[in-house]
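> Okay, sequence plus prediction incoming.
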Amino acid sequence: MQDQNRSRAVMVGRLLALAGVVAFMPGIAQAHIIQGGSGGFLQGFEHPLSGADHLLAMFSVGLWGAQMGGRNVWTLPITFPLIMVLGGILGIAGVPLPAIETGIALSIVVLGAAIAFVWRPPEWLALTVIGLFAICHGYAHGAELPEAADPADFAIGFVLATGLIHLAGIGMGLGVQRALGNRMVRIPGGMIAIGGLYFLVT
């Protein structure tokens, strides 16, 4: 029993450390990413890390996939950045899409609520939901692309950063379920949804 409790304590400690790293990633990125129009890859990598709205949504995708389990652990985090590239292309091309910022805020609310209420839709529906939100996030990144940056390098950077954030969400989701049970994953989901409401009304 003591060994089991000790293992759980170690797991919780690791999760808290991971959460701390994720929380400080935007600041770390701001300190080390090259500013200006010449850093396509670096600026692309920085974009998902520089805004709490993007960070929470992408973290939620990994967390939700881990909560649902099965193929969803990987299909959701793989699909999101791929479709986000399409949104980025639309943003770079200047194709007008309405209410992008509202869509980004809603993505946090919906994904957080899905985790908090343990929503387990069919895989096709889950992929459709995250696909729509991925368009919004990708569009915002593409529209902010500096004129001197290389679009391909920029896209590679933000896809890589997005994947790392997804992995952090998966790690926390699987770790919490293993150490504390599936119900405990609902708590960060609820907190994320509340954060989304804040972005929605501000």
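Sure, I can see it.

> C-alpha from now on. contacts and neighbour counts both.
Noted.

> how many other residues sit next to residue 81?
27 (other C-alpha atoms under 10 Å).

> That one contacts residue 157, correct?
No. Residue 81 is beyond contact range of residue 157, at 11.0 Å (criterion: C-alpha atoms under 8 Å).

> tell me the SS of the residue nearest the centre of the chain?
The centroid of the chain falls nearest to residue 58 when counting by C-alpha atoms, centre = their mean (0.7 Å). With DSSP: H, G, I helix; E, B strand; the rest coil as the basis, residue 58 sits in helix.

> So it versus residue 181, what's the distance?
22 Å (C-alpha to C-alpha, to the nearest Å).

> got it, and residue 160?
For residue 160, the distance to residue 181 - C-alpha to C-alpha - is 30 Å.

> Of those two, which one has the most company?
residue 160 (16 against 12).

> I'd say the more buried one and residue 46 touch.
No. Shown here, residue 160 and residue 46 do not form a contact pair, counting by C-alpha under 8 Å, at 10.1 Å.

> give me every residue that touches residue 126.
residue 76 (C-alpha atoms under 8 Å, 6 or more residues apart in numbering).

> For it, what is the enclosing helix or strand?
Secondary structure here is read from DSSP states H and E; on that basis residue 126 sits in helix 123-143.

> if you go through the protein in chain order, where are the helices?
For the chain, the helices defined by DSSP state H occupy 2-32, 40-50, 52-68, 72-93, 100-116, 123-143, 151-180, 186-201.

> Settle this for me: residue 91 is touching residue 137, isn't it.
No. Between residue 91 and residue 137 there is no contact under C-alpha under 8 Å: 9.8 Å.
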